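Engineer: Okay, predicted coordinates and the sequence, questions at the end:
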Amino acid sequence: MFFCSLIKAQESVTLQLKWTHQFQFAGYYMAKQKGFYDEVGLDVTIKQANPMKPDTFGSVVSGEAQFGVGHSGILQQRVNGQPFVAMAAILQFSPYCWMVKDTSDIFHPRDFVNKRITSVSKKENTELLVMLKRSAVNVDKLKIYKGEDVSQAWIENKFDAMQVYVTTEPYYMTQQGIAHRLICPQRYGMDVYADILFTNESMLKKNPQTVEKFYQASLKGWRYAMMNMDEAIAVTQQKYAPSKSFHQLAFEAEVLKDYITQPTTGLGHMSVAKWRLIADLYGIQQNEFDEVKSHFIYKYQEPEKMQLSWMIIAAILVSIFSIPLYLRLIFSKK
């Protein structure tokens, strides 16, 4: 009975999300719902972020959470000395865009000259500013709206372009009948990873098999969610985001599926080449990137095991069979 209880014992780990519960994290919900984590002996707690301070990095560094979901700024964090290991990029492109009114004269990044915009986080959404810089827009001269209730201020034309998450503000504006369009980085050659599953280097060193099991079960959950979207939407609403309507979550799912599943890459795929391009966007020098890349990008390594050659095995067997003969020889002499 004791042996059986050891087999059934589960290891408890925590996943810290980068935002509040929504379809954006449905793959993890389904991994838990369908028992994929249980199958590999993991008891997973999924924690939503504090929307007033959505920082996943601190939780993973402190050990409060063993895994986190972060943005592409994680590479800069690693270069700065934080021991983060990127495991999988769930979104192959940045979900952040500029939103302008349908009646606006802004159609391309170059049209932002002398426009009014919302402030942008250089740690998380630097691609929005780089997109403008590459079109010869001096972002330092753009007027920044610093008032409250940003969405209402945008509706009232108090500024021109608002930083948005592709599934959130556009949905609300569509519901209100406000025509708009999006200007997004990936359309201008900036393919930035997003919603990156990551862990702490110490966690990887101490528990490599736990990290690999969580990685495989999570991707299994995402594959299930993408192939069974209606079920994933229902689970998300019923168990995690009851305040959101099925319609809203379905809109989110429909938009994000093109960010998650790409015909040319596997789910969660990451490449050194693309991370190198992201390094360029963040102004990270090539030598700085080269110093961290081998430990930054996750690669599972089997724990070392005792390898017995056939000669050693043969020697052991000979020894075992020789003991009775040796004892018989000794006693026969007596």
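Structural biologist: Noted; the coordinates are in hand.

Engineer: which secondary element of this structure has the worst mean pLDDT?
Structural biologist: Scoring the helices and strands of the chain by mean pLDDT, DSSP states H and E places helix 2-8 at the bottom, with a mean of 46.

Engineer: What lies in contact with the helix or strand following that one?
Structural biologist: Per DSSP states H and E, the first helix or strand lying C-terminal to helix 2-8 is strand 11-16. Outside strand 11-16, the residues within contact range by C-beta atoms under 8 Å, 6 or more residues apart in numbering are 28, 41-47, 49, 56, 59-60, 64-69, 210, 214. Just so you know, the C-beta spots here come from the backbone N, C-alpha and C atoms, and that holds for glycine as well.

Engineer: How are the strands of this protein distributed by residue range?
Structural biologist: Along the chain, the stretches classed as strands by DSSP state E are 11-16, 42-47, 67-70, 84-91, 96-101, 116-118, 143-145, 162-165, 180-183, 194-200.

Engineer: What residue spans form the domains of this protein?
Structural biologist: 10-93+192-296, 96-188 (automatic domain parsing).

Engineer: which of those domains sits most buried?
Structural biologist: Using mean count of other C-beta atoms under 10 Å, the stretch among the domains of the chain with the largest mean neighbour count is domain 10-93+192-296, at a mean of 18.

Engineer: From start to finish, how long is that domain in a straight line?
Structural biologist: Terminal residues of domain 10-93+192-296 lie 28 Å apart, using C-alpha to C-alpha, to the nearest Å.

Engineer: average model confidence for it?
Structural biologist: With pLDDT averaged residue by residue, domain 10-93+192-296 scores 95.

Engineer: chain center to it: distance?
Structural biologist: How far domain 10-93+192-296 lies from its chain's middle: 2 Å, per C-alpha atoms, centre = their mean, to the nearest Å.

Engineer: now stretch 85-103
Structural biologist: With C-alpha atoms, centre = their mean, you get 12 Å for stretch 85-103.

Engineer: can you pull the contacts of the residue nearest the centre of the chain?
Structural biologist: Compute the mean C-alpha point of the chain, and by C-alpha atoms, centre = their mean the closest residue is Ile196, 2.1 Å away. By C-beta under 8 Å, 6+ apart, the contact list for Ile196 reads 69-72, 74, 86-90.

Engineer: what do you get if the cut-off is 7 Å, keeping everything else the same?
Structural biologist: By C-beta atoms under 7 Å, 6 or more residues apart in numbering, the contact set of Ile196 is 69-72, 74, 86, 89.

Engineer: Taking those, tell me the two that lie furthest apart.
Structural biologist: Between any two of the contacts of Ile196, the greatest separation by C-beta to C-beta is 12.0 Å, found for Val69 and Ser72.

Engineer: what's the nearest residue to His269 if we skip its chain neighbours?
Structural biologist: Taking C-beta to C-beta, 6 or more residues apart in numbering, and ignoring the residues beside it in sequence, His269 has Ala89 as its nearest neighbour in space, at 6.8 Å.

Engineer: Report the contact partners of the one you found.
Structural biologist: Contact analysis of Ala89 by C-beta under 7 Å, 6+ apart lists 193, 196, 268-270.

Engineer: Gln48 now?
Structural biologist: By C-beta under 7 Å, 6+ apart, the contact set of Gln48 is 17, 20-21.

Engineer: and of these, the nearest to Glu156?
Structural biologist: Each of the contacts of Gln48 was scored against Glu156 by C-beta to C-beta, and Thr20 proved nearest at 26.4 Å.

Engineer: Excluding chain neighbours, give the residue nearest to that closest one in space.
Structural biologist: Nearest non-adjacent residue to Thr20 (C-beta to C-beta, 6+ apart): Gln48, at 4.8 Å.

Engineer: Quick check: phi and psi at the one you found.
Structural biologist: Per-residue torsions, Gln48: phi -80, psi 160 (degrees, to the nearest 10).

Engineer: any idea how far it lies from Thr264?
Structural biologist: Distance, Gln48 to Thr264, using C-beta to C-beta, to the nearest Å: 32 Å.

Engineer: about what we covered before: between which two of the contacts of Ala89 is the distance greatest?
Structural biologist: Longest span within the contacts of Ala89, C-beta to C-beta: Ile196 and His269, 11.7 Å.

Engineer: hey, where'd the helices end up in the stretch 51-200 of the chain?
Structural biologist: 57-62, 74-79, 126-133, 150-155, 169-175 (DSSP state H, counting those that start in this stretch).

Engineer: and these as JSON lines, adding distance to Tyr224?
Structural biologist: Listed next are the helices of the stretch 51-200 of the chain as JSON lines, based on distance: least, C-beta to C-beta, whole Å:
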{"stretch": "helix 57-62", "distance to Tyr224": "25"}
{"stretch": "helix 74-79", "distance to Tyr224": "26"}
{"stretch": "helix 126-133", "distance to Tyr224": "30"}
{"stretch": "helix 150-155", "distance to Tyr224": "34"}
{"stretch": "helix 169-175", "distance to Tyr224": "24"}
